[in-house]
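Asker: sequence and predicted model, in that order:
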Amino acid sequence: MTRIEVQCDWLMYYDSVPAGSPSSTVISVLSVILMLLLMGTSFLIVPLRKRRKTQVTGESTNKVTAYSGGGVRIKCKYEEGYETNVKYFCKGKLRPCADQIKTGVKHTWVHEGRFSLYDNTSAKVFWVLMRNLTVEDTGTYQCGVDKYLQIDTYTVVEVKVKADLNYGRSNESGYIGGTVNVSCKYPEYHRSDPKFLCKIVDTDVCTYNTSVKESEKWINEEHTSLYDDRTNQILTVTIRDVTEQDSGTYWCGAESDWESDHGYMVYMTQIYLRVIAVQSSVYPVHLPPTPAPTVLPRAFLVYSFIGVGLLLVTVGVITAVYCKIRRQGSATVRQTNEDYVNFSTFFSGP
């Protein structure tokens with residue numbers, strides 16, 4: 001109301017000034033400048049208000065611990081009534097911070113670079129996935145709810161990425177119908193957290209059905225079993241009756257206070273599983289059955305040995321007789337030759 005009265009007084013004074021006078025010209029110029037200032041202020045007042053004032057939700061800052069080369073899935077809760085608002089995840093301590101991803105899409109994973117966002121309006125929560133982490137990703141982030149012409153609400157998230165080479169990548173292989181065993185080492189920080197093995201689907205989103213929440217106890221889910229050895233900090237996963245559909249990229253991970261409003265999932269070890277067919281199944285070769293060995297009776301073996309012995313004796317006797325006859329024949333020939341010589345001498349005389 002005051003603004004209108006001032007404008008009315010200004011117009012009454014302007015009407016009292018004679019047209020074409022110097023005062024009239026000055027007043028006209030001042031009026032134009034005043035209107036431009038008012039218009040500029042009206043355009044700046046809302047952005048300045050949104051940048052300088054934000055409302056923080058939650059009692060404390062969320063703290064997330066992740067590892068280089070891995071990934072992390074952060075939970076961002078928001079209040080009822082803002083299901084249709086645009087959600088964003090930005091890096092920086094103060095607003096405006098650098099948006100890493102921002103979307104108004106609901107119930108669908110939206111991807112932008114190494115970041116993904118899923119807004120679940122039914123649970124009034126949106127999840128942010130960070131992949132291929134490096135130490136440089138350490139810093140302060142904000143889960144934000146965009147409120148048009150109002151004060152945004154956000155939750156501060158402190159992300160710390162550790163450089164640890166113990167949780168890298170591995171390759172595994174198995175045959176169709178066989179069994180594959182996978183072992184994943186995890187840090188002391190997640191010793192008491194539930195563990196899981198998830199498979200990458202839908203462009204870098206990792207899904208799983210169950211997790212192991214107790215130490216030294218097998219948990220079975222369809223053809224997969226999980227075992228958490230918290231003493232040695234090793235997660236063992238057994239996949240039975242593997243098929244070609246089981247081939248793909250998996251992650252060993254842990255749920256850190258996931259049931260709370262500030263929980264997160266950390267992905268530590270990447271595993272690539274390759275399931276191959278048995279070579280003989282391509283071109284099967286049918287070989288004739290091998291005959292069973294013939295077992296001879298014991299009596300037959302005895303008689304065989306006796307027969308062989310008699311045969312050897314007979315051959316020996318025949319050989320001895322033959323040799324004796326041959327020697328006697330040689331002696332007779334010599335005697336006959338001597339008699340022939342004597343007889344010739346007798347007839348020929350001295």
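Answerer: Yes, it's here. Residues are numbered from 1 along each chain as shown.

Asker: in what helix or strand does residue 141 lie?
Answerer: Residue 141 is located in strand 139-145, with elements delineated by DSSP states H and E.

Asker: so which bits of that strand are buried?
Answerer: Going by neighbour count (16 or more other C-beta atoms under 10 Å), the buried part of strand 139-145 is 141-145. All C-beta atoms are positioned from the backbone trio N, CA, C, and that covers glycine.

Asker: can you report how many residues lie near residue 220?
Answerer: Residues lying near residue 220 (other C-beta atoms under 10 Å) number 11.

Asker: helices and strands around the helix or strand harbouring it, which ones?
Answerer: Per DSSP H and E: residue 220 is located in strand 219-221. In this structure, strand 219-221 makes packing contacts with strand 224-229, judged by 3 or more C-beta pairs under 8 Å, 6 or more residues apart in numbering; DSSP states H and E.

Asker: quick one: strands adjacent to the strand it packs on?
Answerer: Strand 224-229 pairs in its sheet with strand 219-221 (antiparallel), strand 234-239 (antiparallel), by DSSP bridges.

Asker: quick one: closest of those strands to residue 199.
Answerer: Closest to residue 199 of the strands paired with strand 224-229 is strand 234-239 (C-beta to C-beta; 10.4 Å).

Asker: of all the residues in the closest one, which ones are buried?
Answerer: With burial defined by 16+ other C-beta under 10 Å, the residues of strand 234-239 counted as buried are 235-237, 239.

Asker: okay, now the unreliable bits of the chain?
Answerer: Within the chain, the segments meeting pLDDT under 70 span 1-60, 165-167, 202-204, 279-303, 328-350.

Asker: list the strands paired with the strand ranked longest in it, with their directions.
Answerer: Counting by DSSP state E, the longest strand found in the chain is strand 264-276. Using DSSP bridges, the strands paired with strand 264-276 in its sheet are strand 71-77 (antiparallel), strand 169-175 (parallel), strand 248-256 (antiparallel).

Asker: now, of those, which is deepest in the fold?
Answerer: Mean neighbours per residue, mean count of other C-beta atoms under 10 Å, is largest over those for strand 71-77, with a mean of 23.

Asker: need the contact list for residue 257.
Answerer: Going by C-beta atoms under 8 Å, 6 or more residues apart in numbering, residue 257 touches 193, 263-264.

Asker: surely residue 321 forms part of a helix?
Answerer: Yes - the assignment for residue 321 by DSSP: H, G, I helix; E, B strand; the rest coil puts it in a helix.

Asker: tell me, how many residues neighbour it?
Answerer: 10.

Asker: state the distance from it to residue 170.
Answerer: To residue 170, residue 321 is 85 Å away according to C-beta to C-beta, to the nearest Å.

Asker: Three-state assignment for residue 317, please.
Answerer: Following three-state DSSP, residue 317 is assigned to helix.

Asker: gap between it and residue 308?
Answerer: Noted for residue 317: a distance of 15 Å to residue 308, by C-beta to C-beta.

Asker: likewise for residue 217?
Answerer: Separation of residue 217 from residue 308 (C-beta to C-beta): 71 Å.

Asker: can you check residue 149 too?
Answerer: Using C-beta to C-beta, one gets 116 Å for the distance from residue 149 to residue 308.

Asker: neighbour-wise, which of the two wins?
Answerer: A direct count of neighbours by other C-beta under 10 Å for residue 149 and residue 308 places residue 308 higher, at 10 against 7.
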